[in-house]
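Trainee: Coordinates only, no sequence provided:
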């Protein structure tokens with residue numbers, strides 16, 4: 001792993017947040033444009049990013065086997081995240097909406113938009129391939145357990161099989177896997193399209209996060225005890241806990257480090273989208289996403305260093 005490359009990636013993400021913050025203050029990215037850009041990323045950029053990551057390597061039985069292993073590990077990691085987050089969020093449930101958002105923010109990470117460039121800096125192109133299969137488990141849990149979290153105390157939010165299996169995450173995953181498996185030569189124009197459009201996800205999503213954070217009161221943010229607690233659990237406690245569990249279970253070193261990276265990411269950006277969609281305190285959702293995105297630039301390197309130290313024992 002190149003720590004120089006990792007540091008450069010972290011610094012770049014932080015500077016993108018700053019640019020987004022300034023754009024928000026100057027009203028270059030206002031509330032309307034933020035929502036429109038979020039829709040663009042979720043419905044267009046994200047599908048192309050997933051497909052691009054799945055077709056980045058040539059098909060082989062070994063690569064397919066590795067992808068399957070990553071998917072299973074992703075399911076197990078999300079099960080652990082769901083279990084421990086349920087416990088850690090228990091003291092916050094006196095405020096129903098904020099407690100639900102806090103638990104959601106602990107479970108689900110920005111493993112795609114921010115996780116992918118971090119994976120590439122550590123593992124190279126194979127890291128993007130790993131990440132694409134992990135993202136399949138992310139979407140399955142988001143549209144099942146995630147919806148169940150948000151549905152507490154609400155009769156208008158329901159978990160359905162259709163939501164779990166047919167969404168803007170799972171369908172691109174299926175398409176990408178089929179394109180990876182089927183012996184069809186893909187034209188350069190198509191692979192370039194997937195790469196270019198998918199490449200919009202990280203910069204645009206980080207800019208939006210910075211812009212959303214600029215519209216929140218810094219004083220209010222600093223006075224919100226939920227923010228400190230969620231950041232501690234999301235960025236430090238859960239990554240260290242799950243990394244240690246996987247290491248104790250004897251998983252290969254690359255899976256331990258990979259899982260550490262995926263669980264050390266900030267809260268998933270879609271928590272803000274769900275907050276707006278279901279009218280569940282979107283302002284607090286933006287605070288969780290924005291604060292974890294900023295503090296992640298400080299916690300990520302020590303957490304990954306811990307994982308590397310652990311696998312070296």
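Mentor: Looks like it came in fine. These numbers come from a predicted model, not from an experiment.
Trainee: ok, now which ones touch the spatially most central residue of the chain?
Mentor: In the chain, the C-alpha nearest the mean C-alpha coordinate belongs to residue 110, at 1.6 Å (C-alpha atoms, centre = their mean). Applying C-beta atoms under 8 Å, 6 or more residues apart in numbering, we find residue 110 in contact with 205, 265, 266, 267, 268, 269, 289, 293. C-betas here are computed from N, CA, C, even on glycine.
Trainee: And residue 102, by the same measure?
Mentor: 89, 92, 226, 229, 230, 288.
Trainee: Likewise for residue 74?
Mentor: Contacts of residue 74 by C-beta under 8 Å, 6+ apart are 133, 134, 135, 136, 137, 138, 262.
Trainee: List the buried residues of the host helix or strand of the third one.
Mentor: Spelled out, that is residue 135. Using DSSP states H and E, residue 135 sits within helix 125-141. Residues of helix 125-141 classed as buried by neighbour count (16 or more other C-beta atoms under 10 Å): 126-141.
Trainee: list the helices and strands that helix packs on?
Mentor: helix 46-54, helix 61-88, helix 115-123, helix 170-181, helix 253-263 (3 or more C-beta pairs under 8 Å, 6 or more residues apart in numbering; DSSP states H and E).
Trainee: Can you tell me which of those is nearest to residue 188?
Mentor: For residue 188, the closest of the helices and strands packed on helix 125-141 is helix 46-54, at 12.8 Å, according to C-beta to C-beta.
Trainee: So what angle separates the directions of the closest one and helix 115-123?
Mentor: 20 degrees (axes from the mean of the first three to the mean of the last three C-alpha atoms, to 10 degrees).
Trainee: chain center to helix 46-54, what's the gap?
Mentor: 14 Å (C-alpha atoms, centre = their mean, to the nearest Å).
Trainee: Do me a favour and average the pLDDT over it.
Mentor: Helix 46-54 carries an average pLDDT of 89.
Trainee: swap in stretch 192-200?
Mentor: 93.
Trainee: Quick check: buried residues in it?
Mentor: 194, 195, 197, 198, 199, 200.
Trainee: low-scoring pLDDT stretches of the stretch 101-250 of the chain, where are they?
Mentor: Across the stretch 101-250 of the chain, nothing is flagged by pLDDT under 70.
Trainee: Count the residues that sit near residue 94.
Mentor: 7 (other C-beta atoms under 10 Å).
Trainee: make that residue 170, sorry
Mentor: Neighbour tally, residue 170, other C-beta under 10 Å: 20.
Trainee: For the nearest residue to it once chain neighbours are set aside, give its distance to residue 41.
Mentor: Using C-beta to C-beta, 6 or more residues apart in numbering and skipping the chain neighbours, the partner closest in space to residue 170 is residue 139 (5.0 Å). Distance, residue 139 to residue 41, by C-beta to C-beta, to the nearest Å: 15 Å.
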